[in-house]
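Asks: sequence-free structure coming up:
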């Protein structure tokens, strides 16, 4: 293995999950942190550094849980 990226997140991380796009290339990285945000990073399949594309705020707590489920009509889904 080779180190591809180093990401400096602005707050202490509690949970994270890589998810593939349903269409297109690359991945997203979901990061739940102590700042009570869910940060969504775009992780390109090139040498470009991952970057935040969205932040979801709406918690009074720092708890974020990622669940993976299989839906019969589709492929796998990620539920937050």
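Replies: Sure, I can see it. The structure displayed is predicted, hence computed values, not measured ones.
Asks: ok, which stretches of this protein are strands?
Replies: 13-20, 27-33, 37-43, 51-57, 67-70, 76-79 (DSSP state E).
Asks: Low-confidence ranges, the protein, go.
Replies: Regions of the chain meeting the criterion pLDDT under 70 cover residues 21-24, 59-80.
Asks: Swap in 80 and give it another go.
Replies: By pLDDT under 80, the low-scoring segments of the chain are 1, 4, 20-26, 45-47, 58-80.
Asks: what sits against residue 19?
Replies: Residues near residue 19 by Cβ atoms under 8 Å, 6 or more residues apart in numbering: 27, 28, 29, 30, 78. All C-beta spots, glycine's among them, are computed from the backbone N, C-alpha and C.
Asks: now the residues you listed: which count as buried?
Replies: Buried subset of these (neighbour count, 16 or more other Cβ atoms under 10 Å): 28, 29, 30.
Asks: of the contacts of residue 19, closest to residue 46?
Replies: residue 27 (12.0 Å; Cβ to Cβ).
Asks: what sits against the nearest residue to that closest one once chain neighbours are set aside?
Replies: Nearest residue to residue 27 in three dimensions, chain neighbours excluded: residue 43, at 4.5 Å (Cβ to Cβ, 6 or more residues apart in numbering). Counting by Cβ under 8 Å, 6+ apart, residue 43 makes contact with 5, 18, 26, 27, 28, 29, 50.
Asks: if we go to 10 Å?
Replies: Contact analysis of residue 43 by Cβ atoms under 10 Å, 6 or more residues apart in numbering lists 4-5, 7, 18-21, 26-29, 49-51.
Asks: coming back round to it: can you add distance to residue 37 and give the buried ones among the contacts of residue 19 back as CSV?
Replies: Output for the buried ones among the contacts of residue 19, formatted as CSV (distance: Cβ to Cβ, whole Å):
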residue, distance to residue 37
28, 15
29, 13
30, 11
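Asks: Next one: residue 13 relative to residue 47, how far apart?
Replies: Going from residue 13 to residue 47 by Cβ to Cβ, to the nearest Å gives 23 Å.
Asks: Which one of the two is surrounded by more residues?
Replies: Shown here are residue 13 and residue 47; by other Cβ atoms under 10 Å, residue 13 has more neighbours (14 against 7).
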